[in-house]
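J.: here's my sequence, what's the structure:
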Amino acid sequence: MRYFKFRYILLLIFWMSTIFIIAQSNQNKNLLITPTASNFNYPQSVFVDSYNGNIWVTDFDNNRVTRFDVSTLTALDEIHSVATPQGLTLGQNYPNPFNPATSISFSVRITGNVKLEVYNLLGQKVAVLFDEIATANTIYSIKFSAENYSSGIYIYTLRTRTGIESKKMCLIK
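T.: So this is what the prediction gives:
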């Protein structure tokens with residue numbers, strides 16, 4: 001009987017040590033895997049080290065702390081906005097969204113031929129609102145009546161010799 005107890009205790013110790021070794025190897029395996037969207041759980045906490053340019057993310061479910069180096073990213077003050085053509089200014093239509101009429105304002109710095117056109121989302125021209133010579137430094141306000149058009153998003157474009165500018169407007173009936 002004593003022999004079976006001793007054997008049972010040895011088997012129990014072997015089983016517990018095997019479980020402990022497997023758990024440790026799985027834990028070490030998790031540490032070696034590069035975090036991706038599929039194996040990285042939602043972070044429990046995020047620390048920003050702005051002095052060194054690092055972000056530290058903790059993942060307590062997998063016992064990981066990951067460092068992301070963001071020192072090479074561009075700061076917001078270094079980002080330049082998309083350059084608009086220097087010779088024209090196109091305002092956002094008002095009101096937007098509109099039903100059934102809206103007003104579009106624009107001005108040009110150089111007197112010349114100007115076209116203000118409206119397109120649907122398929123790229124089809126639906127209206128020409130202005131097609132004549134515009135005087136420099138004058139603010140034009142053009143009314144657009146969309147009584148015969150269906151609801152949706154439309155794009156209006158101002159074309160001059162110095163450039164093109166487009167904006168979106170929304171018609172809701």
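J.: this structure: helices as residue ranges?
T.: If DSSP state H is used as the criterion, the helices of the chain fall at 2-32.
J.: where are the low-confidence patches of it?
T.: 1-8, 10-12, 14-56, 59-64, 67-86 (pLDDT under 70).
J.: tell me which stretches of it form strands.
T.: With DSSP state E as the criterion, the chain has strands at 45-49, 54-59, 64-69, 88-90, 101-108, 112-120, 125-134, 140-145, 152-159, 164-171.
J.: out of these, flag the one nearest Ile9.
T.: Set against Ile9 and scored by CB to CB, those come closest in strand 64-69, at 36.6 Å. In short, each C-beta sits where N, CA and C put it, glycine included.
J.: need the strands of the chain in TSV (columns: distance to Ile13 and mean neighbour count).
T.: Shown next, in TSV, are the strands of the chain (distance: least, CB to CB, whole Å; neighbours: other CB atoms under 10 Å):
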stretch	distance to Ile13	mean neighbour count
strand 45-49	38	11
strand 54-59	33	15
strand 64-69	31	13
strand 88-90	80	20
strand 101-108	82	19
strand 112-120	77	17
strand 125-134	83	13
strand 140-145	85	14
strand 152-159	72	18
strand 164-171	72	15
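J.: as CSV, those strands with distance to Ile9 would be great.
T.: CSV is the format used below for these (distance: least, CB to CB, whole Å):
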stretch, distance to Ile9
strand 45-49, 43
strand 54-59, 38
strand 64-69, 37
strand 88-90, 86
strand 101-108, 86
strand 112-120, 82
strand 125-134, 87
strand 140-145, 90
strand 152-159, 76
strand 164-171, 77
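J.: contacts for stretch 161-173?
T.: Identification of contacts with stretch 161-173 by CB atoms under 8 Å, 6 or more residues apart in numbering yields 84-88, 90, 92-93, 96-100, 102, 104, 108-110, 112-113, 146, 149-158.
J.: same thing with stretch 126-137?
T.: 104, 106-120, 140, 142, 144, 149, 154, 156, 160.
J.: cutoff 6 Å now
T.: Residues outside stretch 126-137 that contact it (CB atoms under 6 Å, 6 or more residues apart in numbering): 108-111, 113-118, 120, 142, 144.
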